[in-house]
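A.B. asks: Starting from these lines, generate the structure:
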Amino acid sequence: MTEEAPTLKLIAGPELEAELRLRRSQWLYKLVAPSEVAASEADGWTQSRVNKSSVRLQKAKPIDQALEDEVWSLLARLGFIHMSQGRRFVIPVTKGTGHIASKQIDVLAATTKQLWWLSAKRQSQRSPGQWQRIWPKPVRFEER
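C.D. replies: Take a look at the predicted model:
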């Protein structure tokens, strides 16, 4: 698998439905030639379907991707009409007129009145006070 390039694209309509079909599955899929099956099986892939000239392989999604996809799918089914595309949704962060850095957002969902963005954090062990460091205080935006 190749690394996904960072993007700043929001999707809606048919693109959103296609992305939802991919994200709702608990499996990653790939097509390989029959000669490449043994090498892929050594990497943890299992055969899902055998076609005439290719083999479809599947592998369970990593836990962080499965969580992100589950939340993304939930928000899409709740009726958010604009959603982030792919796993590498990156926005530029600026102060004044200069570009400072980029921030990866795992899930961005928007309607005409709401905007939600989520970033997932994963660690092997829980530490005291971790949520206060990870989650900033909530911010409320109001129309003027």
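A.B. asks: So what's the gap between whichever helix in the chain runs longest and the chain middle?
C.D. replies: Ranked by residue count, the top helix of the chain under DSSP state H comes out as helix 63-77. Centroid separation between helix 63-77 and its chain, computed with Cα atoms, centre = their mean, to the nearest Å, is 7 Å.
A.B. asks: contacting residues around it?
C.D. replies: Applying Cβ atoms under 8 Å, 6 or more residues apart in numbering, the set of residues contacting helix 63-77 from outside is 16, 19-20, 23-24, 26, 60-61, 83-84, 87, 106-107, 109, 116, 118, 120, 122. Backbone N, C-alpha and C define where each C-beta goes, glycine included.
A.B. asks: average pLDDT across it?
C.D. replies: Per-residue pLDDT over helix 63-77 has a mean of 93.
A.B. asks: same deal with stretch 14-27?
C.D. replies: Rounded mean pLDDT across stretch 14-27 is 95.
A.B. asks: Excluding chain neighbours, give the residue nearest to residue 12 in space.
C.D. replies: residue 82 (5.1 Å; Cβ to Cβ, 6 or more residues apart in numbering).
A.B. asks: buried sites along the longest helix of the chain?
C.D. replies: 66, 67, 68, 69, 71, 72, 73, 75, 76 (16 or more other Cβ atoms under 10 Å).
A.B. asks: gap between the last one and residue 111?
C.D. replies: So the one you mean is residue 76. Separation of residue 76 from residue 111 (Cβ to Cβ, to the nearest Å) stands at 11 Å.
A.B. asks: what's the answer for the first one, then?
C.D. replies: To residue 111, residue 66 is 25 Å away according to Cβ to Cβ.
A.B. asks: domain parsing for the chain?
C.D. replies: 1-25+62-122, 27-60 (automatic domain parsing).
A.B. asks: Relative to the whole chain's centre, how far out is the last one?
C.D. replies: Between the centre of domain 27-60 and the centre of its host chain there is 23 Å, according to Cα atoms, centre = their mean.
A.B. asks: That domain: end-to-end distance?
C.D. replies: 5 Å (Cα to Cα, to the nearest Å).
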